[in-house]
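> here's a sequence, model it:
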Amino acid sequence: MSYVSYVKAYDKLNGGNTVRDIMDLLDDKEDSKLLLDKAADKFNEIVKDKTLQDKTIGNYKTAYLDFCRVVLGRYNADIWFGNPKVDNIYKLVAENAIFASPEVVDQLTKGTLVFDGKERPADKYACWDRQYVRDNSKRKGEEILVGNKVCKADDNTQANHAIKYAVRESCPEVKFKSIRLFKNYESCHIVPKVNNMLYFTSIPNLVLLHRALAGLTDYIKEIQDLLDYHAWNLYHSSIPSWEAPKLSPKLEKVYKELKWRVNW
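I've put the predicted structure just below:
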């Protein structure tokens, strides 16, 4: 049996309540390190009266706890951060980065994404809200002129909301209403053109990373290049005008060996 089969079999024992049980843990205010322990306690409670062989219980539990790490780690960066075993910084970034799904980006470009009961307007660059740029010298929401465009000043709030909403919408099966449930994730711009409306809330230009890794996107160009190339691979079919970023021969080799996190 596969991990998926083990999780499905356990879910049947649990009356189909497994996802709900895991999501309920996100409301827990205790240390995030205890959440997986609580998930394990719930598992033990469900299987204790079942006539299962020890090997079967072990298989179910391993698959179930890995599933918990994926779901809980989607919202709580600390839970996933310690999970991958990596030997270089490129792999660490790839295995912790959360991108929005290609489907959400495609819906944004076509104007078919329904958010809070309304379709968001079509935007060929998949901007969540094209009117904002970063300008910390102004009040948030203050109108400013950038080139010949009237924009609104922002710190990073609108970009932060944009990527978190887009990630949340990418997997509706485990969707919470409030994006405040994202913990220890930082919203990072891949291409740092934050004074440009086309880049500031463009979902293909945004990624969530654990707070400990976020600064890498600001200071290490090789990390920026790898993220940019991966974003192009994910989304370029929805944005035909997007030319493939160029990687150095070294980074081409690195990219081929990376295992990117998938969250949809």
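
> list the buried residues in stretch 138-158.
Buried residues in stretch 138-158, defined by neighbour count with 16 or more other CB atoms under 10 Å: 138, 151-154, 156, 158. (Each C-beta comes from the backbone N, C-alpha and C, glycine too.)

> export that stretch as PDB, just CAs?
Written as PDB, here are the backbone C-alpha positions of stretch 138-158 (Å, rounded to 0.1, in the frame of the first residue of the first chain):
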ATOM      1  CA  LYS A 138       4.500  57.700   2.800                       C
ATOM      2  CA  ARG A 139       1.400  56.700   4.800                       C
ATOM      3  CA  LYS A 140      -0.100  53.400   3.800                       C
ATOM      4  CA  GLY A 141      -2.800  54.100   1.200                       C
ATOM      5  CA  GLU A 142      -1.500  57.600   0.300                       C
ATOM      6  CA  GLU A 143      -1.700  58.300  -3.400                       C
ATOM      7  CA  ILE A 144       1.700  58.800  -5.000                       C
ATOM      8  CA  LEU A 145       2.900  59.300  -8.600                       C
ATOM      9  CA  VAL A 146       5.400  56.700  -9.900                       C
ATOM     10  CA  GLY A 147       6.400  57.700 -13.400                       C
ATOM     11  CA  ASN A 148       3.100  58.700 -14.900                       C
ATOM     12  CA  LYS A 149       1.000  56.200 -12.900                       C
ATOM     13  CA  VAL A 150      -1.000  57.100  -9.800                       C
ATOM     14  CA  CYS A 151      -0.400  54.400  -7.100                       C
ATOM     15  CA  LYS A 152      -1.000  53.900  -3.400                       C
ATOM     16  CA  ALA A 153       1.900  53.600  -1.000                       C
ATOM     17  CA  ASP A 154       2.300  50.500   1.100                       C
ATOM     18  CA  ASP A 155       4.900  48.900   3.400                       C
ATOM     19  CA  ASN A 156       4.500  45.200   2.500                       C
ATOM     20  CA  THR A 157       1.000  44.600   3.800                       C
ATOM     21  CA  GLN A 158      -0.700  44.200   0.500                       C
END
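
> what about that stretch, average pLDDT?
Taken as a whole, stretch 138-158 has a mean pLDDT of 90.

> how far does it sit from its chain's centre?
26 Å (CA atoms, centre = their mean, to the nearest Å).

> which regions of the stretch 51-200 of the chain sit below the pLDDT cut-off?
Counting by pLDDT under 70, the stretch 51-200 of the chain shows low-confidence ranges at 82-86.

> hey, where'd the helices end up in it?
Ranges of helices within the stretch 51-200 of the chain are 54-75, 77-81, 89-96, 102-110, 157-170, 197-200, based on DSSP state H, counting those that start in this stretch.

> could the ones you listed go into CSV alongside distance to Asp218?
Converted to CSV, these look like this (distance: least, CB to CB, whole Å):
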stretch, distance to Asp218
helix 54-75, 24
helix 77-81, 18
helix 89-96, 13
helix 102-110, 23
helix 157-170, 14
helix 197-200, 15
